[in-house]
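> Give me a model of this one.
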Amino acid sequence: MSRTTLIHAGWIIPMSDEPVVLRNQVLVLKDHQIDAIVTPEQAQDMIADEVLQLPNHVLMPGLVNLHGHSAMTLLRGFADDLDLMDWLNNHIWPAEGKHVSDEFVYDGSVLAMAEMLLGGTTTINDMYFYHDAVARAGLKTGMRTMVGCSILEFPTNYAQNADEYISKSLQDAQAYQNEELINFVWAPHAPYTVSDETFKRVVALAEEHDWLIHCHIHETAFEVEDSVKQHGKRPLQRLDELGVLSPRLIAAHMVHTNEEEMALVAKRGISIAHNPASNMKLASGFAPIQAMLDAGVNVGLGTDGAASNNKLDMFADMRLGALIAKGSTRKPTDVKAYDMLKMATINGAKALHLDDKVGTLQAGKQADMIAVDLSALATQPVFDPISHLVYAADRSQVSHVWINGEHLVAEGELTRLNQADLLANAQHWQQKIAAG
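This is a model prediction of the structure:
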């Protein structure tokens with residue numbers, strides 16, 4: 001039977017092209033879809049199964065984390081304050097070689113998704129191994145999950161070579177074709193770990209299976225310089241010649257990007273996943289976000305993994321991203337609060353080709369949405385709720401989360417998951433990894 005919920009909110013931010021804030025309105029939720037936004041007077045005559053009164057809250061679309069490695073949450077704080085290549089080659093990849101398994105990926109992904117849910121994230125664009133485990137974690141938690149199928153030329157615990165990564169990806173995806181919240185994405189790791197032939201094959205497979213492509217690109221200056229030495233060209237030029245650059249591509253990081261490349265990115269319709277906290281922690285640099293936006297590039301927001309952030313906190317990344325954009329250019333008008341809010345919601349949905357389903361609060365869209373309580377002293381007084389969401393609020397103020405209409409966080413508590421079990425499991429892995 002159909003179920004109707006009326007949510008009376010102090011503010012509703014539907015995420016239009018321009019800033020719109022609706023004061024003291026009511027969102028009508030029918031099953032998994034948004035039915036309408038009406039006035040309190042119009043809502044009086046409606047019959048509802050549930051009525052929520054949220055007078056001090058902002059109701060807005062759920063946050064879209066455009067780049068993450070969920071399972072790596074089990075390596076949070078494991079190897080800090082290191083250069084990227086040192087971090088990868090001498091710490092992260094050896095630890096993964098010892099511990100990564102189906103169980104590791106499932107447990108780490110569930111832990112990450114629980115953290116993200118409590119912080120208002122409703123969609124994760126993931127990239128890792130053991131794809132079936134990531135998909136199962138998405139179904140367990142109720143998270144809208146893009147399962148990024150990592151591809152490398154060298155062996156890991158999951159596969160021995162690019163051919164095996166690809167064949168396992170296709171096999172794992174078959175079981176989830178009819179799952180509304182689960183989609184699979186090709187995730188060639190980076191230009192420095194994937195060959196020309198493999199990139200060409202990924203492009204062909206993306207067309208054949210209608211999958212997106214998710215790849216680390218231009219993350220560090222070293223990556224760009226090394227590509228010039230090896231290939232005689234910068235990574236983006238190489239990928240363009242291989243046919244990788246298209247609206248299917250989500251390019252993670254893109255820190256070291258010049259004006260010519262930004263124009264190319266805009267022309268090809270690529271989306272960029274900006275990861276301000278990870279970029280700063282690994283000292284990768286300052287991505288020219290305002291210049292990208294000015295060039296017409298669709299830019300979304302990501303946390304990256306907890307091993308390099310060290311928290312999956314989109315509110316923290318919104319604030320940091322906006323401040324870095326201003327500080328790096330010395331222009332306080334760069335990347336305004338609403339620009340950043342769009343990056344965390346509708347821009348991410350566009351990048352994932354999900355903007356017909358989520359990313360805005362509109363009638364007919366699936367109900368991926370959150371409520372943020374602004375009644376705390378730290379968010380008073382409220383002159384502009386958009387400003388507060390980016391510059392003042394934090395993830396602890398997320399009180400309610402819905403994905404596909406299901407109420408997954410209510411009054412700050414997980415409704416599907418047992419927090420004590422999650423904590424016990426995290427401690428189990430801490431002891432196991434610390435033992436070597």
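> Please give the number of neighbouring residues around Asn347.
28 (other CB atoms under 10 Å). C-beta: built from backbone N, CA, C; applies to glycine.
> Tyr106 too?
Here the number of neighbours of Tyr106 (other CB under 10 Å) works out to 20.
> Could you do Met127 as well?
Neighbour count for Met127, taken as other CB under 10 Å: 31.
> which one is it nearest to, not counting chain neighbours?
Nearest residue to Met127, sequence neighbours excluded (CB to CB, 6 or more residues apart in numbering): Gly148, at 3.5 Å.
> and the one you found, helix, strand or coil?
Classification of Gly148 using DSSP: H, G, I helix; E, B strand; the rest coil returns strand.
> Might you report the residue contacts of it?
125-128, 185-187, 214 (CB atoms under 8 Å, 6 or more residues apart in numbering).
> Same check on Leu389?
13, 58, 60, 315, 318, 337, 341, 372.
> Among the contacts of Gly148, which are located in strands?
125-126, 185-187, 214 (DSSP state E).
> Closest one of those to Ser101?
Of all these, Ser101 sits closest to Asp126, with 16.8 Å by CB to CB.
> low-scoring pLDDT stretches of this structure, where are they?
Along the chain, no part satisfies pLDDT under 70.
> Could you chop it up by domain?
Domains of the chain are assigned by automatic domain parsing as 4-61+360-404, 63-351.
> closest to Leu422 out of those domains?
domain 63-351 (5.5 Å).
> ends of the closest one, how far apart?
End-to-end distance of domain 63-351 (CA to CA, to the nearest Å): 13 Å.
> next one: stretch 38-47
Terminal residues of stretch 38-47 are spaced 14 Å apart (CA to CA).
> Can you tell me which residue is spatially central in the protein?
Central residue check for the chain by CA atoms, centre = their mean: the C-alpha nearest the mean position is that of Asn65, 1.4 Å away.
> Could you pull up the residues touching it?
Contacts for Asn65 were tallied using CB under 8 Å, 6+ apart; they are 116, 121, 123-125, 301-303, 312, 314, 348.
> Of these, which belong to helices?
Residues of the contacts of Asn65 located in helices (DSSP state H): 116, 314, 348.
> By neighbours, which of those residues wins?
Among the ones in helices among the contacts of Asn65, Gly348 has the most neighbours (other CB under 10 Å), with 33 neighbours.
> Find the residue closest to that residue in space, skipping its chain neighbours.
According to CB to CB, 6+ apart, the nearest residue to Gly348 is Val64 (2.9 Å).
> And the next helix or strand past the helix or strand encompassing the one you found?
Val64 is part of strand 63-68, with elements assigned from DSSP states H and E. Counting by DSSP H and E, the next helix or strand C-terminal to strand 63-68 is helix 84-87.
> Give me the helices and strands touching the helix or strand following that next one, please.
The helix or strand immediately downstream of helix 84-87 is helix 93-99, counting by DSSP H and E. Judged by 3 or more CB pairs under 8 Å, 6 or more residues apart in numbering; DSSP states H and E, helix 93-99 is in contact with helix 419-434.
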